[in-house]
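J.: have a look; sequence and predicted model below, questions after that.
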Amino acid sequence: MALTLSKKALAVKPSSTLAITAKAKELKSKGIDVVGFGAGEPDFNTPDNICEAAIKAIHDGFTKYTPASGTLELKQAVSDKFKNFNGVNYSTKQIVISNGGKHALTNIFSAICNPGDEVIIPAPYWLSYPEIVRLADGVPVYIKGEKENSYKVTAEQIAKACTDKTKAFILNSPSNPSGMLYTKDELEEIAKVIVEKDIYIVSDEIYENLLYDNNEMISIASLNDEIYKRTITCSGVAKSYAMTGWRIGYTGAPVEITKLMDSVQSHQTSNPNSIAQKAAVEALSGSQEFVSKMKEEFDKRRIYMYERVNSMNLVSALRPQGAFYLFVDVNEIIGKTYKDRIIADVDVLAEILIEEYNVAVVTCTDFGFPDHIRLSYAISIENIKKGLDRIETFINEIA
Ligand SMILES: *Cc1c(COP(=O)(O)O)cnc(C)c1O
């Protein structure tokens, strides 16, 4: 009895994306020319104007505690962004600034879940969702976005998955890992079901700035009053402004949920980093030129990668509409043989790629899609070319 550990903590699966990145780093440190397709963050530096705002904050002595849920200044900047970019009205009283988007999600489920409450998660999903839900004593319930429906789930599927224990549905559009975007019609349908079933929807909009082919971001909370009341919108500066290390995320939510997140956060972490909050104000209210430049570069890589992969045998991918990932169907490779070795599953495939070709890919087993891999295009075009050349050589060796 005495020295036993937390069952809840023991049940947490370590992040497999981080494991692959670590393996690639290890090989790199040995001088091996590895191409890592695992990148989950922009390969750009944080823009100068944002860094300058942080430096100024330090020199101005803005280095003390702030209110637990963030400074009024940053909340105002987030509120303005919600209004102007997303078309959603969240007053500063409805906003919590947290230590990154992941922390924002942790706050949300801490605020809404009671033990046994079910949270519907559409696969393919970001691998942290199930773990975050479980840590808040919730129970993940999975539904599958079929490839034929662009890896998206339908309102009907959500309705069917609802029980009297359902608390919430998680929406991530554009999606990590699929890059897919829900249309306005699809969102309207989903909103109808959410209101009908009277559950919450958690809308993770972290990739809201990275949309291609003239697609525009539609926040589900903007659709009507009924869905607005049931939506908790979360986002952050990490992906949009190449600020992953700064750790600033935020939520817009009904006041009663915001209050709970505020008090939970006040005891668990206190305020997010004061300097990073100043930087985030500049990110959201300063020039947005960087965002379009970064997007332009991602767009070129996206098209190249999409066309190249679809020109290969045995693999295919849908054209991503957002984020910076290509979601590759490798189902036809599974069961085939490579140099007398049967490629029994996607993990064997990834092993061969890293060991024989020095290419690191993310297997999507932990994303709820065991016959897919995720290739990030947040790496240089030269590396993308080199890595895809190697993957093509590998495919041509398969019998
Ligand atoms: C990166 C990411 C986040 C949040 O990232 P933070 O670094 O914690 O701000 C949230 N959701 C998805 C789907 C992501 O890919």
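T.: Done, it's in.
J.: which neighbouring elements make contact with the helix or strand where residue 389 lies?
T.: Using DSSP states H and E, residue 389 sits in helix 381-397. Applying 3 or more CB pairs under 8 Å, 6 or more residues apart in numbering; DSSP states H and E, we find helix 381-397 packed against strand 35-36, helix 289-310, helix 346-357, strand 359-360. Every C-beta, even on glycine, is put in place using the N, C-alpha and C of the backbone.
J.: so for the ligand, which of these sits nearest?
T.: Closest to the ligand of the helices and strands packed on helix 381-397 is helix 289-310 (CB to the nearest ligand atom; 14.2 Å).
J.: quick one: residue 239 and residue 42 touch, right?
T.: Yes - counting by CB atoms under 8 Å, residue 239 does reach residue 42; the two are 6.6 Å apart.
J.: pLDDT score for the closest residue to residue 287 other than its chain neighbours?
T.: Of all residues not flanking residue 287 in the chain, residue 49 sits nearest, at 6.4 Å (CB to CB, 6 or more residues apart in numbering). We note a pLDDT of 98 for residue 49 in this prediction.
J.: the helix or strand harbouring residue 49: how far from the chain's middle?
T.: Per DSSP H and E, residue 49 falls inside helix 48-59. Mean C-alpha position of helix 48-59 versus that of the full chain (CA atoms, centre = their mean, to the nearest Å) differs by 27 Å.
J.: am I right that residue 373 is in a strand?
T.: Yes - counting by DSSP: H, G, I helix; E, B strand; the rest coil, residue 373 is found in a strand.
J.: show me the contacts for it.
T.: 328, 330, 346, 349-350, 361-364 (CB atoms under 8 Å, 6 or more residues apart in numbering).
J.: got it, and residue 194?
T.: Residue 194 makes contacts with 158, 169, 200-201, 227, 230, as judged by CB under 8 Å, 6+ apart.
J.: run a quick neighbour tally on the residue in the stretch 251-399 of the chain positioned nearest to the ligand.
T.: Nearest residue of the stretch 251-399 of the chain to the ligand (CB to the nearest ligand atom) works out as residue 323 at 7.3 Å. Neighbours of residue 323 under the rule other CB atoms under 10 Å: 29.
J.: what do you get for residue 272?
T.: By other CB under 10 Å, 27 other residues sit near residue 272.
J.: sorry, back to before: out of the contacts of residue 373, who's nearest residue 10?
T.: The closest of these to residue 10 turns out to be residue 363 (CB to CB; 23.1 Å).
J.: show the contacting residues for the closest one.
T.: 16, 20, 346-347, 349-350, 370, 373.
J.: got a pLDDT number for the residue lying closest to it once chain neighbours are set aside?
T.: Sequence neighbours aside, residue 346 is the residue nearest to residue 363 in space, at 4.4 Å (criterion: CB to CB, 6+ apart). pLDDT recorded at residue 346 is 94.
J.: can I assume residue 346 is in contact with residue 364?
T.: Yes - between residue 346 and residue 364 there is a contact at 7.1 Å, judged by CB under 8 Å.
J.: who touches both of the two?
T.: Taking CB under 8 Å, 6+ apart as the criterion, residue 346 and residue 364 both touch 370-373.
J.: just among the residues you listed, which is most surrounded?
T.: Counting neighbours by other CB under 10 Å, residue 373 comes out on top of the shared contacts of residue 346 and residue 364 with 26 neighbours.
J.: show me what that residue bridges to in the sheet.
T.: Per DSSP bridges, the residues bridged to residue 373 are residue 328, residue 363.
J.: how deep is residue 254 tucked in, by neighbour count?
T.: Neighbour tally, residue 254, other CB under 10 Å: 15.
J.: with the one 5 residues further on instead?
T.: Residues near residue 259, counting by other CB under 10 Å, number 16.
J.: and for the one 5 residues further on?
T.: For residue 264, the count of nearby residues is 18 (other CB under 10 Å).
J.: for whatever helix or strand it lives in, give the mean pLDDT please.
T.: When elements are assigned from DSSP H and E, residue 264 belongs to helix 255-268. Confidence for helix 255-268, expressed as mean pLDDT, is 97.
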